[in-house]
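Participant: This is a predicted model, with the sequence first.
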Amino acid sequence: MRDPGFPHRHLLGIEGLTPLEITHLLDLSDRYVELNRGSDKVARVLDGRTIVNLFFENSTRTRTSFELAAKRLGANVINMQVESSSVAKGETLIDTAVTLNAMHPDALCVRHPDSGAVKLLSEKVNCAVVNAGDGSHEHPTQALLDALTIRRRLGRLNGLLVAICGDVLHSRVARSNFYLLLTMGARVRVIAPRTLIPSQLESLGVEVFTDMNEGLKDADIVMMLRVQNERMRGSFIPSVREYFRFFGLDRAKLAQAKPDALIMHPGPMNRGTEIDSDVADDVQRSAIREQVELGVAVRMAVLEVLSKNNAAYKAAVGQS
Ligand code: ASP
């Protein structure tokens, strides 16, 4: 079948993307992994373009990763960290978007604490918008880099059994991964305490477990999630000690998964809460550092494709 490329102007989420579109982005990312491992890390495909990182929420690795990605493509990069006051969130978002848009950026990479905020912003600007994480909704580039990590290690996504463990309720990473992994033909299990499992997960095709030893059985991938204290209103877990005892990944629980199962975590890790250092730092089994590395390549692919699509769109409608 002909590769349709990636025909969208924005990347707001994984939901709705086709297997071919996802594969197109992963294939392009693979090429950037090779470039990033060489000594000359510059591909001048975005020379003269302007990329703005607009972050309404703290971030170290994602923002740095987008910045590095844009710079390696030859673009000019501006970083904006905006404090989002809970009173005027709506105004802040739209005002900032309209102001930035007037400066003709080619792409905005946006993180915001509210689900849906990045989509809203994309409707107010005429450049490409990449969702760098919106509330507990989606984090599409994280799911793409997770998929790339799995594909490079295990050669495929189709047919693999992926166990996603922990604070699924508050996790945009989990949501984007459900969409991507199920679309690509993987089996997805969720393992979490009842209080951290969103309703209606089964209707997506996800298998739900509340016992790590059962849920991890024969898993090819064990993907741990951070306990997102900042998104919790009220008490979702009894205590860190108890959480770790039942849901923290350690050698004993990992032994239920396939002998060569890959350990993943989107970072930042709460060591001793959801993951034991012993398994997180196991160089044979843990792909956590590789996830960070491949994130840059994925963001290069996304920025390249979206910038080109937007240039073509503007040319077609006669905008500059
Ligand atoms: N870095 C990821 C995110 O922004 C995961 C996390 O923070 O737990 O969603």
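Facilitator: Cool, got the structure.
Participant: For the rest of this, base every contact and every neighbour count on C-alpha atoms.
Facilitator: OK.
Participant: buried residues in the lowest-mean-pLDDT helix or strand in the chain?
Facilitator: Least confident helix or strand of the chain, by mean pLDDT, DSSP states H and E, is helix 89-101 with a mean of 80. Residues of helix 89-101 classed as buried under the neighbour-count rule (16 or more other CA atoms under 10 Å) are Lys89, Thr92, Leu93, Ile94, Ala97, Asn101.
Participant: Next: stretch 174-193.
Facilitator: In terms of neighbour count (16+ other CA under 10 Å), stretch 174-193 has its buried residues at 174-184, 186-193.
Participant: Next, count neighbours for the closest residue to Ala280 other than its chain neighbours.
Facilitator: Ranked by CA to CA, 6 or more residues apart in numbering and with sequence neighbours excluded, the top spatial neighbour of Ala280 is Ser286, at 5.9 Å. Applying the criterion other CA atoms under 10 Å, we find 18 residues in the vicinity of Ser286.
Participant: Can you list the low-confidence ranges for this structure?
Facilitator: 1-3, 84-91, 233-234, 320 (pLDDT under 70).
Participant: Just want the most central residue of this protein.
Facilitator: Using CA atoms, centre = their mean, the residue of the chain that lies closest to the mean C-alpha position is Gln142, 1.7 Å off.
Participant: Check the gap between the residue nearest to that residue when sequence neighbours are not counted and Leu144 for me.
Facilitator: If the residues on either side of it in the chain are set aside, Gln142 comes closest to Val173, at 6.5 Å by CA to CA, 6+ apart. According to CA to CA, to the nearest Å, Val173 stands 10 Å off from Leu144.
Participant: okay, those two: which has more neighbours?
Facilitator: Comparing Val173 with Leu144 by neighbour count (other CA under 10 Å), the higher total belongs to Leu144, at 27 against 24.
Participant: Which strand or helix spans the more buried one?
Facilitator: Leu144 belongs to helix 140-154 when assigned by DSSP states H and E.
Participant: by contact count, what packs against that helix?
Facilitator: Judged by 3 or more CA pairs under 8 Å, 6 or more residues apart in numbering; DSSP states H and E, the packing partners of helix 140-154 are helix 19-37, strand 128-134, helix 172-183, helix 288-317.
Participant: contacts for that helix?
Facilitator: The contact list for helix 140-154, computed with CA atoms under 8 Å, 6 or more residues apart in numbering, reads 11-14, 22, 26, 29-30, 131-133, 156-157, 173, 176-177, 180-181, 266, 287, 290-291, 294-295, 298-299.
Participant: now with 7 Å?
Facilitator: When contacts are taken as CA atoms under 7 Å, 6 or more residues apart in numbering, the neighbours of helix 140-154 outside the stretch itself are 13-14, 26, 131, 157, 173, 176-177, 180, 290-291, 294-295, 298-299.
Participant: which other residues reach whichever helix or strand comes after that helix?
Facilitator: Beyond helix 140-154 in the direction of the C-terminus, DSSP H and E gives the next helix or strand as strand 161-165. Contacts with strand 161-165, where a contact means CA under 7 Å, 6+ apart, come from 186-192, 216, 219-225.
Participant: Spatially, which two of those residues are the most separated?
Facilitator: When the contacts of strand 161-165 are compared pair by pair using CA to CA, the farthest-apart members prove to be Ala186 and Ala192, with a separation of 19.3 Å.
Participant: on that earlier part again, make a ChimeraX selection of whichever of the contacts of helix 140-154 turn out to be buried.
Facilitator: One line in ChimeraX is enough to select the buried ones among the contacts of helix 140-154; burial here means 16+ other CA under 10 Å:
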select :13,14,26,131,157,173,176,177,180,291,294,295,298,299
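Participant: Which member of the contacts of helix 140-154 is positioned nearest the ligand?
Facilitator: The shortest separation between the ligand and any of the contacts of helix 140-154 is 5.5 Å, and it belongs to Val173 (by CA to the nearest ligand atom).
Participant: So the closest one is in contact with Ser136, correct?
Facilitator: No. Between Val173 and Ser136 there is no contact, the gap being 8.1 Å when judged by CA atoms under 7 Å.
Participant: For the stretch 201-320 of the chain, which residue gets nearest to the ligand?
Facilitator: Closest point on the stretch 201-320 of the chain to the ligand, by CA to the nearest ligand atom, is Arg226, at 4.5 Å.
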